[in-house]
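Novice: Dropping a prediction and its sequence here:
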Amino acid sequence: MAFVDVAAETGRRCFVGQNPEFQARVESAEEKFDGYFLKNAPATADELARFKREQAGVGKPDFDCKNDDFVSVYKKFSTLDPSVLTTEVDKLLSRPGKPTFGDCT
């Protein structure tokens, strides 16, 4: 979820108007994660917004378009076959249960 949020926000802030098809796909994935999070956490919209701000910089006034980590996540996601993002997100979100924050290992 956090990686999708990073890719979506980086696109909105740093690559405005570029690759609109990808931006629409990643924002659709972001919306799916948001819905899953709100349904299964349980969490409020404010808690979701705080998570996204803290983990992905979403909405931060000082969002840094020179952040190599954010830009590399955006670029990596944008090079995926268009169906991969949708398929993989749908597969992840088909599992019921409380969302967890892993350590990526």
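Specialist: Received it, and whenever you're ready, just let me know what you need.
Novice: Show me what stretch 47-58 is in contact with.
Specialist: The contact list for stretch 47-58 (Cβ atoms under 8 Å, 6 or more residues apart in numbering) reads 2, 5-6, 8-9, 34, 37-38, 41, 43, 59-60, 63-64, 67, 70. The C-beta positions use only the backbone N, C-alpha and C, and glycine is treated the same way.
Novice: Can you select the buried ones among the residues you listed for me in PyMOL?
Specialist: To isolate the buried members of these in PyMOL, using 16 or more other Cβ atoms under 10 Å:
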select buried, resi 2+5+6+8+9+34+37+43+63+70
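Novice: which one of the contacts of stretch 47-58 sits closest to residue 24?
Specialist: residue 8 (10.1 Å; Cβ to Cβ).
Novice: what ranges do the helices span in the protein?
Specialist: 2-14, 20-40, 45-56, 68-78, 82-93 (DSSP state H).
Novice: which one of those helices lies closest to residue 100?
Specialist: Nearest to residue 100, of these and by Cβ to Cβ, is helix 20-40 at 10.2 Å.
Novice: which parts of the helix or strand bottoming out on mean pLDDT in the chain are buried?
Specialist: Sorting the helices and strands of the chain by mean pLDDT, DSSP states H and E puts helix 82-93 at the bottom, at a mean of 91. For helix 82-93, burial by neighbour count (16+ other Cβ under 10 Å) applies to 85-86, 89, 93.
Novice: can you list those residues in JSON lines and add distance to residue 19?
Specialist: Below are the buried residues of helix 82-93 laid out as JSON lines (distance: Cβ to Cβ, whole Å):
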{"residue": "85", "distance to residue 19": "13"}
{"residue": "86", "distance to residue 19": "16"}
{"residue": "89", "distance to residue 19": "18"}
{"residue": "93", "distance to residue 19": "24"}
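Novice: now, among those, which is nearest to residue 28?
Specialist: residue 86 (7.5 Å).
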